[in-house]
Every structure is written in C-alpha cells, then in structure tokens.
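**Student:** with the sequence up front, the predicted model follows.
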Amino acid sequence: MAQKAELALQLEQSGMLQPYIDLSNIRVKCEEKAANEHVLNFHYSFKEYLKNNKAQY
C-alpha cells in the first residue's frame with residue numbers, strides 16, 4: 001500500500017495522476033467489453049450449435 005501511495009504522489013507531482021486514472025479507467029472498460037463480447041459470442045455459437053444439432057437430442 002505504501003508503494004501505491006508513493007506512486008500516486010509521484011504521479012501527482014509530475015502532473016500525470018489524472019492521465020493515469022483516465023488510462024486505468026479505459027483499460028477496465030476494455031476488459032469488461034472484451035469479457036462481455038466473449039460471453040455473447042459463446043452464447044450465439046452455442047445457440048447455433050443447438051439449432052443445427054437438435055435432431056440428435
């Protein structure tokens with residue numbers, strides 16, 4: 001925790017804290033979007049598989 005506080009202080013002193021926060025928020029949004037897209041693609045693929053193979057069930 002002390003290291004994170006020191007990093008935050010250094011970023012603030014150099015005027016880079018807000019850009020760091022913004023970039024971090026963008027990264028989180030990208031990760032969430034990628035995870036959601038992955039789940040959605042799986043859902044559609046599975047649904048298509050079931051539709052194409054329903055005679056076997």
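**Tutor:** Received, thanks.

**Student:** give me the mean pLDDT for the lengthiest helix in the chain.
**Tutor:** Selection of the longest helix in the chain by residue count, based on DSSP state H, yields helix 17-52. Mean pLDDT, helix 17-52: 91.

**Student:** off-centre distance for that helix?
**Tutor:** 6 Å (Cα atoms, centre = their mean, to the nearest Å).

**Student:** swap in stretch 1-19?
**Tutor:** With Cα atoms, centre = their mean, you get 23 Å for stretch 1-19.

**Student:** residues near V28, how many?
**Tutor:** 10 (other Cβ atoms under 10 Å). Yep, even glycine has a C-beta here, placed from its N, CA and C like the rest.

**Student:** what's the answer for A8, then?
**Tutor:** 13.

**Student:** which residue is the nearest non-sequential neighbour of it?
**Tutor:** L17 (6.4 Å; Cβ to Cβ, 6 or more residues apart in numbering).

**Student:** what about that neighbour, distance to R27?
**Tutor:** Applying Cβ to Cβ, to the nearest Å, the value for L17 to R27 is 16 Å.

**Student:** V39 now?
**Tutor:** V39 is 19 Å from R27, by Cβ to Cβ.

**Student:** state the mean pLDDT of the helix or strand that E12 is a member of.
**Tutor:** Using DSSP states H and E, E12 sits within helix 2-13. For helix 2-13, mean pLDDT is 92.
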